[in-house]
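*Asks:* based on what follows, work out the 3D shape:
(one chain, ligands or ions: 1)
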Amino acid sequence: MITIDRIHKSFPLKGETFTALGDVSLELADNEFVTIVGPSGCGKTTLMNILAGLETPTSGRALLDGKAINGPGPDRGVIFQQYALFPWLTVRKNVEFGLRTKGVGREERRRIAEHFIELVGLTQFADALPKMLSGGMKQRVAIARAYAVNPSILLMDEPFGAVDALTRVRLQDQLLDTWSQEKRTVVFITHDVDEAVFLANRVVVMAARPGRVVEVIDVDLPYPRNDELRLSPAFTALRNRVWNAVYHQETPA
Ligand SMILES: Nc1ncnc2c1ncn2[C@@H]1O[C@H](COP(=O)(O)OP(=O)(O)OP(=O)(O)O)[C@@H](O)[C@H]1O
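*Replies:* Residues are numbered from 1 along each chain as shown. Okay, here's the model as predicted:
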């Protein structure tokens, strides 16, 4: 379980203090898929960095199963918008990378990598270099690589932000497919309201100045989710609700 307990984060800015996160509290259950959506600058990435252990809160605490997060760890896999693959390594070697640094033996590495490469549908490309892959495929490699080290949490910051709309929809389907077979707690940041609703158990809507949670919306739609669901009135109703929460916020002057 992730506990975000009254987190406040400020940065020094031109001799003053800028509050990136006001007073954010949230609890995430194991294997929940939570999306975070909100206007630019509302502190989504800052919150993610705190969960990843890359930033420390100014006050408040982030806990993982009751223990304070004090730095990065193998229990959390992070996936960014930019495909952080090693260009000189094949898909297989990229996926094996974290396992190698963990000291996992050759046979075992290969077995685990093959499993996750298959899960993201890239078996045919296992020996290809990243430059031979499309943006969407690269992100699938990044997902397989994050999964390979067996984290209990996946932290994804706008992972599909750099691909075209059609690829994006395919990646969403693929990610849900992978997640349904290998459940993990997922925290997924997006600007895309449709994406936020399609993927999540719960959508967390944030607002800016100061960054804060304004609404948490339960997405009571069954998995597996498909194209039919995207067009259903229930989906549209939720999407409109999230849209209103994000775009009709009162912004302080
Ligand atoms: N290291 C830093 N120093 C100073 N200010 C920062 C720092 N990191 C973030 N901020 C500020 O904190 C606020 C929140 O930033 P953050 O990147 O978390 O927002 P975001 O919601 O992820 O935005 P976007 O959707 O545009 O990526 C912004 O106004 C940003 O300028």
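*Asks:* for the rest of this, base every contact and every neighbour count on C-alpha atoms.
*Replies:* Noted.
*Asks:* what residues does stretch 93-111 touch?
*Replies:* Stretch 93-111 has contacts (CA atoms under 8 Å, 6 or more residues apart in numbering) with 85-86, 92, 112-113, 117, 141-142, 144-146, 148-149.
*Asks:* show me where the stretch 151-253 of the chain has its strands.
*Replies:* When assigned using DSSP state E, counting those that start in this stretch, the strands of the stretch 151-253 of the chain occupy the ranges 153-157, 185-190, 202-207, 212-218.
*Asks:* can I get these in JSON lines including distance to residue 98, mean pLDDT and mean neighbour count?
*Replies:* As requested, these are exported to JSON lines (distance: least, CA to CA, whole Å; pLDDT from 0 to 100; neighbours: other CA atoms under 10 Å):
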{"stretch": "strand 153-157", "distance to residue 98": "14", "mean pLDDT": "95", "mean neighbour count": "23"}
{"stretch": "strand 185-190", "distance to residue 98": "19", "mean pLDDT": "97", "mean neighbour count": "24"}
{"stretch": "strand 202-207", "distance to residue 98": "30", "mean pLDDT": "97", "mean neighbour count": "24"}
{"stretch": "strand 212-218", "distance to residue 98": "34", "mean pLDDT": "96", "mean neighbour count": "18"}
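*Asks:* what would those strands look like in a markdown table with distance to residue 175?
*Replies:* Shown next, in a markdown table, are the strands of the stretch 151-253 of the chain (distance: least, CA to CA, whole Å):
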| stretch | distance to residue 175 |
| --- | --- |
| strand 153-157 | 11 |
| strand 185-190 | 11 |
| strand 202-207 | 16 |
| strand 212-218 | 20 |
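*Asks:* how about the ones you listed, which one is nearest residue 61?
*Replies:* Smallest distance to residue 61 across the strands of the stretch 151-253 of the chain (CA to CA): 15.1 Å, for strand 212-218.
*Asks:* list only buried entries from the contacts of stretch 93-111.
*Replies:* Neighbour counting by 16 or more other CA atoms under 10 Å classes 85, 92, 112-113, 117, 141-142, 144-146, 148-149 among these as buried.
*Asks:* now for those residues: which two are most distant?
*Replies:* 85 and 112, at 17.9 Å, using CA to CA across these.
*Asks:* between the contacts of stretch 93-111, which is closest to the ligand?
*Replies:* Using CA to the nearest ligand atom, residue 142 is the member of the contacts of stretch 93-111 that lies nearest the ligand, at 19.6 Å.
*Asks:* that closest one looks like it's in a strand, true?
*Replies:* No: using DSSP: H, G, I helix; E, B strand; the rest coil, the assignment for residue 142 is helix, not a strand.
*Asks:* and the pLDDT for it?
*Replies:* Residue 142 is assigned 92 on the pLDDT scale.
*Asks:* how about residue 83?
*Replies:* pLDDT for residue 83: 68.
*Asks:* swap in residue 253?
*Replies:* On pLDDT, residue 253 comes in at 53.
*Asks:* now the buried ones among the contacts of stretch 93-111 in JSON lines, with secondary structure and distance to residue 192?
*Replies:* Output for the buried ones among the contacts of stretch 93-111, formatted as JSON lines (DSSP: H, G, I helix; E, B strand; the rest coil; distance: CA to CA, whole Å):
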{"residue": "85", "secondary structure": "coil", "distance to residue 192": "24"}
{"residue": "92", "secondary structure": "helix", "distance to residue 192": "31"}
{"residue": "112", "secondary structure": "helix", "distance to residue 192": "32"}
{"residue": "113", "secondary structure": "helix", "distance to residue 192": "31"}
{"residue": "117", "secondary structure": "helix", "distance to residue 192": "27"}
{"residue": "141", "secondary structure": "helix", "distance to residue 192": "22"}
{"residue": "142", "secondary structure": "helix", "distance to residue 192": "20"}
{"residue": "144", "secondary structure": "helix", "distance to residue 192": "23"}
{"residue": "145", "secondary structure": "helix", "distance to residue 192": "24"}
{"residue": "146", "secondary structure": "helix", "distance to residue 192": "23"}
{"residue": "148", "secondary structure": "helix", "distance to residue 192": "27"}
{"residue": "149", "secondary structure": "coil", "distance to residue 192": "28"}
